[in-house]
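Chemist: fold the following and give me the result.
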Amino acid sequence: MYQNPNNRLKNQTCIVTGANSGIGRAIATAMAREGANVVVNYVSNEPATEAVLAEIKQMGGTAIGFRADVSQEEQVMAMFAETIQTFGTVDIMVNNAGLQRDAAFHEMTKRDWQQVIDVNLTGQFFCAREAIREYLRRGFRPEVSVALGKILCISSVHEVIPWAGHANYAASKGGVMLMMKSIAQEYGPKKIRINSIAPGAIRTPINRMAWETPEAENELLKLIPYLRIGETSDIGATAVWLASDESDYIHGTSIFVDGGMTLYPGFTTNG
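Modeler: You can find the predicted model right below:
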């Protein structure tokens, strides 16, 4: 688990979407541990949000919760307005909110398709756009960061690995990858640094069935050369590093945090 904070994000403000559980929660607490003010975005489960805020407060951090559906443009704009009113600006945008609506492709409904695209891809568009607008409005704060602003898109190994039965999800993550690269190309000259984190199999409640029994875990480990399931803290640590000036020359790329899943381990013994 990530330890030994050194205030790499002191005096910066970070919005994390979908931050009251799983990967989002780990990112939010890791950012706070490094000194950032954190906006814990959520769409449901207010008690879970209060628990995240309490955890951040207990470690001496500063955070607020904000309820917003990232697929709704006006709600995203309201979240940015509240953040700027509270903390003065935004320095780091973490696009984490996402969902799955799995179905065989021939049985997938328009609603199944549209809801996943709306949250996983359009939601990232809305948040990234508002972040860029704020960075350009605010201008440089060299005492805070060498970058004008940072955007982290939480993607998935399924931005490159096809996933039968999850065409909507894989399409959304492939879209995130090329959106990220395109805006990184466009705004790199403005010193806005944009990257993705692409998790593999991470131990979260949403995929409990894949790891909660020894049999299920052993089956999952066949896909992971490093032979362990990822923890949410693995993603939190990566996010903090990518948001810090330590990674300033990392731009327009996806960092795969997957224990080697993208190495296609089925080919270990000649296929």
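Chemist: which residues of the chain fall in helices?
Modeler: Using DSSP state H, the helices of the chain run over 22-33, 46-58, 73-87, 110-117, 123-138, 167-187, 214-221, 232-243.
Chemist: now for the residue nearest to residue 51 when sequence neighbours are not counted: which residues touch it?
Modeler: In space, and not counting its chain neighbours, residue 51 is closest to residue 20: 7.7 Å by C-beta to C-beta, 6 or more residues apart in numbering. Bear in mind the C-beta positions are built from the backbone N, C-alpha and C, glycine included. When contacts are counted by C-beta atoms under 8 Å, 6 or more residues apart in numbering, residue 20 touches 40, 42, 45, 48, 49, 51, 52, 65.
Chemist: using TSV, lay out the helices of the chain together with mean pLDDT, distance to residue 157 and mean neighbour count.
Modeler: Output for the helices of the chain, formatted as TSV (pLDDT from 0 to 100; distance: least, C-beta to C-beta, whole Å; neighbours: other C-beta atoms under 10 Å):
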stretch	mean pLDDT	distance to residue 157	mean neighbour count
helix 22-33	98	13	27
helix 46-58	98	26	15
helix 73-87	98	26	17
helix 110-117	98	17	15
helix 123-138	98	17	20
helix 167-187	98	8	19
helix 214-221	91	13	13
helix 232-243	98	12	23
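Chemist: OK, contacts around residue 30?
Modeler: 2, 233, 236, 237, 239, 240.
Chemist: ok, the fourth one to residue 97 distance?
Modeler: Okay, so that is residue 237. 20 Å (C-beta to C-beta, to the nearest Å).
Chemist: one more: the second one?
Modeler: Summarising the geometry, the distance separating residue 233 from residue 97, computed by C-beta to C-beta, is 19 Å.
Chemist: for beta bridges, what are the partners of residue 254?
Modeler: residue 196 (DSSP bridges).
Chemist: surely it touches residue 154?
Modeler: No: between residue 254 and residue 154 there is no contact under C-beta atoms under 8 Å: 10.4 Å.
Chemist: more neighbours: which of these two?
Modeler: Using other C-beta atoms under 10 Å, the more surrounded residue of residue 254 and residue 154 is residue 154, with 25 against 21.
Chemist: phi first, then psi, for the closest residue to that one other than its chain neighbours.
Modeler: Nearest residue to residue 154 in three dimensions, chain neighbours excluded: residue 96, at 4.3 Å (C-beta to C-beta, 6+ apart). Here is the backbone geometry of residue 96 (degrees, to the nearest 10): phi -110, psi -30.
Chemist: and the residue nearest to residue 87 when sequence neighbours are not counted, bridged to which residues?
Modeler: Leaving aside its sequence neighbours, residue 87 sits nearest to residue 13 (C-beta to C-beta, 6+ apart; 4.2 Å). Beta-bridge pairing of residue 13 under DSSP bridges involves residue 37.
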